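[1] the sequence isn't on hand, but the structure is:
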């Protein structure tokens with residue numbers, strides 16, 4: 001059974017940086033597209049960034065372009081989200097999702113990790 005462990009969240013001042021990590025346990029990461037989502041209080045969950053299984057295709061939400069960088073190391077079963085120039089509006093619970101591309105197969109979610117940007 002695949003499960004996901006997220007780490008790296010916390011409290012940071014505006015303009016600061018955090019690095020989130022998504023560790024996939026129990027199955028090879030190579031088969032999965034990975035997407036980071038976030039959900040702020042009172043708001044719907046939104047996609048932040050996505051990386052294809054081989055890393056060849058990457059997308060970002062307009063709100064984070066130029067500030068966030070997604071990357072992956074399949075040998076370590078890990079995906080990273082480097083977040084720079086953080087703003088208060090980046091405050092949210094961040095979730096990692098592993099999508100196997102096959103609509104008949106389940107995707108998997110991490111438990112979520114809190115990121116708070118505040119002075």
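    Arrived safely, thanks for sending. Just so it is clear, the structure is predicted and the values come from calculations on it, not from any experiment.

[2] residue nearest the centroid of this structure?
    In the chain, the residue lying closest to the centroid (C-alpha atoms, centre = their mean) is residue 36, at 2.8 Å.

[3] quick check on that residue: phi, psi?
    Main-chain torsions, residue 36, degrees, to the nearest 10: phi -100, psi 130.

[4] distance of it relative to residue 3?
    According to C-beta to C-beta, to the nearest Å, residue 36 stands 17 Å off from residue 3. Yep, even glycine has a C-beta here, placed from its N, CA and C like the rest.

[5] please, which helix or strand holds the nearest residue to residue 7 once chain neighbours are set aside?
    Distances taken as C-beta to C-beta, 6 or more residues apart in numbering put residue 21 closest to residue 7, at 4.9 Å, once the chain neighbours are dropped. Taking DSSP states H and E as the criterion, residue 21 maps to strand 18-25.

[6] direction included, what does that strand pair against?
    strand 3-7 (antiparallel), strand 78-83 (antiparallel) (DSSP bridges).

[7] identify the residues contacting that strand?
    2-10, 12, 32, 34, 36, 76-83, 86, 94, 96, 98, 108, 110, 113, 115 (C-beta atoms under 8 Å, 6 or more residues apart in numbering).
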